[in-house]
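Asker: Below are the sequence and a predicted model for it; my questions follow.
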Amino acid sequence: MLSRLLYLPFVAATIISLYLTFEVDEGYSWYIIPPVVALSAIYFLSPQIDWWWYLRHPPVMNQKLSELIHRMNPFYAALSPEDKKRFQDRVELYVRANAYISKGIKEDGVPPDEVVYFVATCITQLTFGLVDFRLPLFERIVIYPAPFPSPQFPEHIHASEIFAEDGVLIFAVHPLMEGIIRPDQYNIGFHEYAQAFIVSYPAAAYARREEVNWEILEAISGFSEEKIRKTIGLDLVDQRAVCIHHFFHFARSFREHLPDLYERHRSIFNLDPLRAGSPIVDRRRGDGPLT
């Protein structure tokens, strides 16, 4: 990382200044101050320095992970070579910009790479047409080994939730991965990122109560209200997030049943899932300076 490289000349300057101070003349002690100040500044600014560097030099995705995502993610598999590179870069940047925590029985750890990267594909697909691809209000992803209760829902053993106050997305690993890699399962990873998007951009023209219901949503996807609620494990499920999920995963059926809402989602996300090879609607809107 760039910040570590920047340390080197100032560490060397500090060592030389200390040598001169103790071995030559105490008057050289003043030379210690500038490199120490610089080292302190680099330390406190290292996240911003490294992020600036990564934006301009995104890490290259591991070939095996790229091939695995290609097999499991139809959206990525259909992209043009140019957009595949955009997808890979954003996944790598997202992984480095956020904290992944695996909750174990005895102590916390880091989830396996496959879990980390597949979670990142959910948000990357959701925001693929936008400049803001990270949703910076949510910077922590917690992975549990099994469905869990939580302070928000203490009486429900559930598979996923967001906790906006702490900027956290929480998942149980098995239903999370099933939804990501199996088209016959509801993708709770995508669902929770849709909820995080709604929290991040509350004024967008999402689905209104009077234009959607569970019957229409089931007709679009084949997923009943009971199926989705059972998969997540909660009684109350935001239909706006379900609509976003279906817009991306059942685009053709979504457009047939809800054409007006399809166009609104197309505008919100600057993306048309039916344009598989090149889904971004307005490149100028999606290619501004990243932050």
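Answerer: Cool, the structure landed.

Asker: domain parsing for the protein?
Answerer: 2-54, 58-286 (automatic domain parsing).

Asker: out of these, deepest packed?
Answerer: Mean neighbour count, computed with mean count of other CB atoms under 10 Å, is highest for domain 58-286 among those, reaching a mean of 17. Using the backbone N, CA and C atoms, a C-beta is placed for each residue, glycine as well.

Asker: Please produce TSV containing the domains of the chain, extended by mean pLDDT.
Answerer: Converted to TSV, the domains of the chain look like this (pLDDT from 0 to 100):
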stretch	mean pLDDT
domain 2-54	70
domain 58-286	94
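
Asker: if I look at the nearest residue to residue 126 once chain neighbours are set aside, how far off is residue 24?
Answerer: Spatial nearest neighbour of residue 126, excluding adjacent residues (CB to CB, 6 or more residues apart in numbering): residue 193 at 5.2 Å. Look at residue 193 and residue 24: by CB to CB, to the nearest Å, they are 60 Å apart.

Asker: just residue 244 next, same as before
Answerer: To residue 24, residue 244 is 67 Å away according to CB to CB.

Asker: now residue 31
Answerer: From residue 31 across to residue 24, the span is 11 Å (CB to CB).

Asker: Which neighbours do the two have in common?
Answerer: Counting by CB atoms under 8 Å, 6 or more residues apart in numbering, no residue touches both residue 31 and residue 24.

Asker: Spatially nearest residue to residue 209 (excluding sequence neighbours)?
Answerer: Going by CB to CB, 6+ apart, residue 209 has residue 239 as its nearest residue, at 7.6 Å.

Asker: Could you pull out the helices in the stretch 101-250 of the chain for me?
Answerer: For the stretch 101-250 of the chain, the helices defined by DSSP state H, counting those that start in this stretch occupy 113-126, 173-181, 188-200, 214-221, 225-232, 239-249.

Asker: For the fourth one, list the C-alpha coordinates in CSV.
Answerer: Going back to what we said before, that points to helix 214-221. The C-alpha trace of helix 214-221 is given here as CSV (Å, rounded to 0.1, in the frame of the first residue of the first chain):
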residue,chain,number,x,y,z
TRP,A,214,-47.4,-9.8,-3.0
GLU,A,215,-49.5,-11.3,-5.8
ILE,A,216,-47.8,-9.2,-8.5
LEU,A,217,-44.4,-9.9,-6.9
GLU,A,218,-45.0,-13.6,-6.9
ALA,A,219,-46.2,-13.5,-10.5
ILE,A,220,-42.9,-11.8,-11.5
SER,A,221,-40.6,-14.1,-9.6
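
Asker: OK, contacts around residue 271?
Answerer: Residues counted as contacts of residue 271 (CB under 8 Å, 6+ apart) are 128-129, 279-281.

Asker: What residues are bridge-paired with it?
Answerer: Assessed by DSSP bridges, residue 271 has beta-bridge partners residue 280.

Asker: And it, how close does it get to residue 83?
Answerer: Distance from residue 271 to residue 83, by CB to CB: 11 Å.

Asker: how long is stretch 69-77 end to end?
Answerer: 8 Å (CA to CA, to the nearest Å).

Asker: from here on, count from 48
Answerer: That works, and once the first residue is 48, the last one we named lands at stretch 116-124.

Asker: For that stretch, which outside residues touch it?
Answerer: With contacts defined as CB under 8 Å, 6+ apart, stretch 116-124 is touched by 131, 134, 138, 164-165, 168, 172, 175, 227-228, 295, 320, 323, 326.

Asker: Turn these into TSV, including distance to residue 310.
Answerer: Output for the contacts of stretch 116-124, formatted as TSV (distance: CB to CB, whole Å):
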residue	distance to residue 310
131	27
134	24
138	28
164	32
165	30
168	25
172	19
175	18
227	27
228	30
295	15
320	13
323	18
326	15
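
Asker: Could you check how far residue 179 is from residue 144?
Answerer: In terms of CB to CB, residue 179 sits 12 Å off from residue 144.

Asker: One more: residue 188?
Answerer: Relative to residue 144, residue 188 is positioned 11 Å away (CB to CB).

Asker: before we move on, what about residue 306?
Answerer: To residue 144, residue 306 is 36 Å away according to CB to CB.
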